[in-house]
Every structure is written in structure tokens, then in C-alpha cells.
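Novice: got a sequence here, can you build the structure:
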Amino acid sequence: MRNEIILLNPSSVCAIAAAPVQIQEFEVEVDRLYKLNELRSVCNRILPIKSLREKENEKIKPDKSQGMNRSIGVVEENGTSQR
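Specialist: Here you go, the predicted model:
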């Protein structure tokens, strides 16, 4: 019966023979990706990397608060205005 299968469809036999190798390669790749993801998460816990957007927002926030204090006119302790 096995010879009949080989005679009928030799390409599927090659695919079946190659399947264990492909499965093993797939498992190795999944393992590599898992380890890489774990390494990235550990690095982010140790030294969080901020995105460029977060850095720009931090630069803008202090500037806005300073600008608002100037436009409103902050009153000093002696009662005079800074304007």
C-alpha cells in the first residue's frame, strides 16, 4: 500500500518527509522571538526608553506652563505683579 501512495503522489511524500524539519525550524524561530521579547521587556523595566513623541511632549509641557504664568501675571508675595 505504501508503494502505491508513492507512485500516485510523490510530491506529497516529499512534503511529508520535509515536515518534521520545517516544524523544528518553526519551533526554533518561535523560541528566538520569545527570548527576544523577554529581553526587551527586561530592558524596558531597567531603563525605560521614551519615544520621540513623549520627549517632545515633555519639552512642550514646561514651556506651556511658563507661558501661562507670564500671560496671567503671577502676583508676588508683596502684592505686585510681575508684568
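Novice: residues in contact with residue 34?
Specialist: For residue 34, no contacting residues are found, by Cβ atoms under 8 Å, 6 or more residues apart in numbering. For the C-beta atoms, the positions are set from N, CA and C on the backbone; glycine is no exception.
Novice: for it, report the pLDDT, please.
Specialist: With respect to pLDDT, residue 34 scores 96.
Novice: now swap in the one 5 residues further on and tell me
Specialist: According to the prediction, residue 39 has pLDDT 92.
Novice: secondary structure element holding it?
Specialist: helix 10-46 (DSSP states H and E).
Novice: count of residues packed around residue 48?
Specialist: Residue 48 is flanked by 8 other residues according to other Cβ atoms under 10 Å.
Novice: for it, give its distance to residue 18.
Specialist: Distance, residue 48 to residue 18, using Cβ to Cβ, to the nearest Å: 44 Å.
Novice: with residue 52 instead?
Specialist: Applying Cβ to Cβ to residue 52 and residue 18 gives a distance of 45 Å.
Novice: more neighbours: which of the two?
Specialist: Using other Cβ under 10 Å as the criterion, residue 52 and residue 18 rank with residue 18 on top: 10 against 7.
Novice: check contacts around that one.
Specialist: Residue 18 neighbours (Cβ under 8 Å, 6+ apart): none.
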